[in-house]
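J.: need a structure here:
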Amino acid sequence: MEQRKFTQVILTMLACAWIMLMGLCTQPVHASNAPQPPRTATVYLHGYNGWSWSTSDLIASAQKAGWVKDKMVATVNRHGQVHFSGNWPANQSQCLVQVIFKKNNTFQARQAKWLTNVLKELKTRYHATNYNGVGHSLGCNVLLNEALWYGHKKSIPKLQKLVMIAGPFNGVLWLDDEANKNALNKLGAPAIMNAIYLNLYRMRKQFPRNVEVLNISGNLDNGSNSDQYVSLASSKSLKFLLDGIAKSYKSLEFYGKKAEHSQLHQNTQVLKAINNFLWG
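T.: Coordinates of the predicted model:
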């Protein structure tokens, strides 16, 4: 009798071991389905004829202040192909991405499409879930066009925050705008709207919701009400496009020589305001 019990115990143990090996006696092991922490790329765009110098101070200030350490450069060739240099470690949730268009004086619509290529790569290759956009000059228009045309695509990260520095949304001085010629009404609508602005206005409801916007304008304080190249009326006309559509909209105006168009992205007060908006 004792021998029979012993044999049954041994057989039971062997059966259980076999079942465990087959994965039937334990809880199923899944790949980690736990929500992964969001990964956010903060993307910096230069303006017309711009290059790395247009956004280097912006990026360096964020790194120096300790907000984000890692940086990559996304260089886009004339065919819209993207090459990344630098690294975004898997254990870091934030990365700064400097975008450089080799064809830096082409149409806004083309650069907006190229920017979408960068964002797709950031999502597929680096698993970015969100992104912030920081643009200077015409880079602001590219960011805005990208958000309007492609912002709802699931193939790119979700836009969270948008920083516009001296954006010529309704014209550029000495080209299709004149100092103190245009005016904004109480709603922020310009009295004169050029064709590009009218198109943005028609598309404004396509702008992604839940985006926080900071718009920065420069004023030389010399009577021109401009930063030398972009009038306040042109820069501040962004409010009429996005106020009430974006999650929040804030505008800041800086004065003096350091508020000149190409000085704004080096102005320490501007840099501090941007970093606080993005991460503070």
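J.: Pass me the low-pLDDT residue ranges in the stretch 1-150 of the chain, would you?
T.: Along the stretch 1-150 of the chain, the model assigns pLDDT under 70 to residues 1-35.
J.: can you map out the strands along it?
T.: All strands of the stretch 1-150 of the chain, identified by DSSP state E, counting those that start in this stretch, fall at 40-45, 71-76, 82-86, 94-101, 130-136.
J.: Give me the neighbour count for the spatially closest residue to D57 that is not a sequence neighbour.
T.: With sequence-adjacent residues excluded and distances taken as CB to CB, 6 or more residues apart in numbering, D57 is closest to Q266, at 4.8 Å. In this view, the C-beta of every residue, glycine as well, is placed from N, C-alpha and C. Other residues within reach of Q266, judged by other CB atoms under 10 Å, total 16.
J.: What score does Q266 have for pLDDT?
T.: The model reports Q266 with a pLDDT of 97.
J.: And it, how close does it get to T75?
T.: Q266 sits 22 Å away from T75, taking CB to CB, to the nearest Å as the criterion.
J.: got it, and E178?
T.: 36 Å.
J.: re earlier: which of the strands of the stretch 1-150 of the chain sits closest to K161?
T.: K161 lies closest to strand 130-136 among the strands of the stretch 1-150 of the chain, at 4.3 Å (CB to CB).
J.: Show residues contacting the closest one.
T.: The contact list for strand 130-136 (CB atoms under 8 Å, 6 or more residues apart in numbering) reads 38-47, 50, 54-55, 58, 119, 122, 141-143, 146-147, 156-167, 264-265, 274, 278.
J.: same check, this time on stretch 108-127
T.: In this structure, residues lying in contact with stretch 108-127 by CB under 8 Å, 6+ apart are 36, 39, 41, 43, 45, 74, 76, 80-82, 84, 88, 95, 97, 99, 101, 103, 128-129, 131, 138, 141-143, 145-146, 149-150, 153, 155-157, 196.
J.: Distance of the residue lying closest to D221 once chain neighbours are set aside relative to W67?
T.: Excluding the flanking residues, the one nearest D221 by CB to CB, 6+ apart is Y255, at 4.6 Å. Using CB to CB, Y255 is found at 26 Å from W67.
J.: The two: which has the busier surroundings?
T.: Remark: of Y255 and W67, W67 carries more neighbours, 16 against 12, as counted by other CB under 10 Å.
J.: on that earlier part again, what subset of the contacts of strand 130-136 is buried?
T.: 39-47, 50, 54-55, 58, 119, 122, 141-143, 146-147, 156-167, 264-265, 274, 278 (16 or more other CB atoms under 10 Å).
J.: Next step: the contacts of strand 130-136 restricted to helices.
T.: Per DSSP state H, helices hold the following members of the contacts of strand 130-136: 58, 119, 122, 141-143, 146-147, 274, 278.
J.: could you dump the residues you listed to JSON lines with distance to S226?
T.: Shown next, in JSON lines, are the ones in helices among the contacts of strand 130-136 (distance: CB to CB, whole Å):
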{"residue": "L58", "distance to S226": "22"}
{"residue": "L119", "distance to S226": "32"}
{"residue": "L122", "distance to S226": "35"}
{"residue": "N141", "distance to S226": "17"}
{"residue": "V142", "distance to S226": "21"}
{"residue": "L143", "distance to S226": "21"}
{"residue": "E146", "distance to S226": "26"}
{"residue": "A147", "distance to S226": "25"}
{"residue": "I274", "distance to S226": "21"}
{"residue": "L278", "distance to S226": "26"}
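J.: All set, thanks.
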